[in-house]
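A.B. asks: Here is a sequence with its predicted model. Questions after.
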Amino acid sequence: MLSYQHHYHAGNHADVLKHWTLLACVRHMQKKDKPFDYIDTHAGAGFYRLDSAMAKKTNEADEGVLKISWKKQPGLKDYHGQIAADIKARSYPGSPLLVKRLLRPGDKTWLFEMHPKTLRELKNHCEHRRLCHVRQEDGFQGLLSLLPVASRRALVLIDPSYEIKSDYQTVVTVMEKAWQKMPQATILLWYPVVDAGQIQQMEKAFAKSRMRNVHLMEMGIEDSEQPGMTASGMIVVNPPWTLADEFKATMPAVSEMLSQDKKSRCRHQVLVAE
């Protein structure tokens, strides 16, 4: 059993990028009346207290959602609207709760989590008959068993802890298998930038894969030579057609605001064309 728990990291700079991207994709899916399925392979607890002992041990939200001057970031307006009440109450919604709040009749979520304590929290915060299905199951296998979904429309978030270093390559293999089962699915992969070499190898693996229309969007707050997670990124298969431009219009200013030296560290790259 892996030990990672997101309670220590909720609301940090990586969550800002991840949840802004996720929300943009949900909004795009909901432009059509037809229902869609949301699949979260590593769902976490779904809801976190920013004033808990675990959160206070790292204070990562202080350098993330609690540091942003929202009025100066118009590109974050929708994202802020979804979390403003939570922040005011010293809490933060995880990806499954963020999506659950936006579900329409017919939309469904499939949430996978292995950690027993976190699973109980996830069920408490998100499980809902016919709407949100919570499973104690390996998320990689769970994803592949669900695809293709009956709705024929899927939004997938893959967000492992990367405690197992091979996950950097495993995620590429799983995403390629998922794409083969459902080529029209929008698949989001979050990754931390701790070792630049690992990210370069992962990018090369995507470039060599059979997947099409794969974009990378990365935001940092420190130079990569610094220890720890200096940046994080999203790799998106079949992104909304406006997402890259919205990222380039929004995230450089956010990166500058969250960086200690007020430098912007963002990059967008098309890893595989359509």
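C.D. replies: Good, I have the coordinates.
A.B. asks: Pull out the buried positions in stretch 93-103.
C.D. replies: Under the neighbour-count criterion of 16 or more other CB atoms under 10 Å, stretch 93-103 has 93-100, 103 buried. In short, each C-beta sits where N, CA and C put it, glycine included.
A.B. asks: show me where pLDDT drops low in the stretch 1-150 of the chain?
C.D. replies: By pLDDT under 70, the low-scoring segments of the stretch 1-150 of the chain are 1-4.
A.B. asks: ok, now with 90
C.D. replies: For the stretch 1-150 of the chain, the stretches flagged by pLDDT under 90 are 1-6, 129-130.
A.B. asks: What are the boundaries of the strands in it?
C.D. replies: Counting by DSSP state E, counting those that start in this stretch, the segments of the stretch 1-150 of the chain that form strands are 37-40, 47-49, 91-93, 108-112, 132-135.
A.B. asks: among those strands, which is nearest Q5?
C.D. replies: Distance to Q5, taken as CB to CB, is lowest for strand 47-49 among the strands of the stretch 1-150 of the chain, at 9.6 Å.
A.B. asks: Without its sequence neighbours, what residue ends up closest to K165?
C.D. replies: The spatial neighbour of K165 that comes closest, neighbours along the chain excluded (CB to CB, 6 or more residues apart in numbering), is Q198 at 7.3 Å.
A.B. asks: Show the subsequent helix or strand relative to the host helix or strand of that neighbour.
C.D. replies: Take DSSP states H and E as the rule and Q198 turns out to sit in helix 196-208. Moving toward the C-terminus from helix 196-208, the next helix or strand (DSSP H and E) is strand 214-220.
A.B. asks: What number of residues are in the vicinity of the residue nearest to K165?
C.D. replies: Using other CB atoms under 10 Å, Q198 is surrounded by 17 other residues.
A.B. asks: so what's the closest residue in space to L243 that isn't next to it in sequence up against?
C.D. replies: For L243, ignoring the flanking residues on the chain, the nearest one in space by CB to CB, 6+ apart is A24 at 5.8 Å. Neighbour list for A24: 78, 240, 243, 246 [criterion: CB atoms under 8 Å, 6 or more residues apart in numbering].
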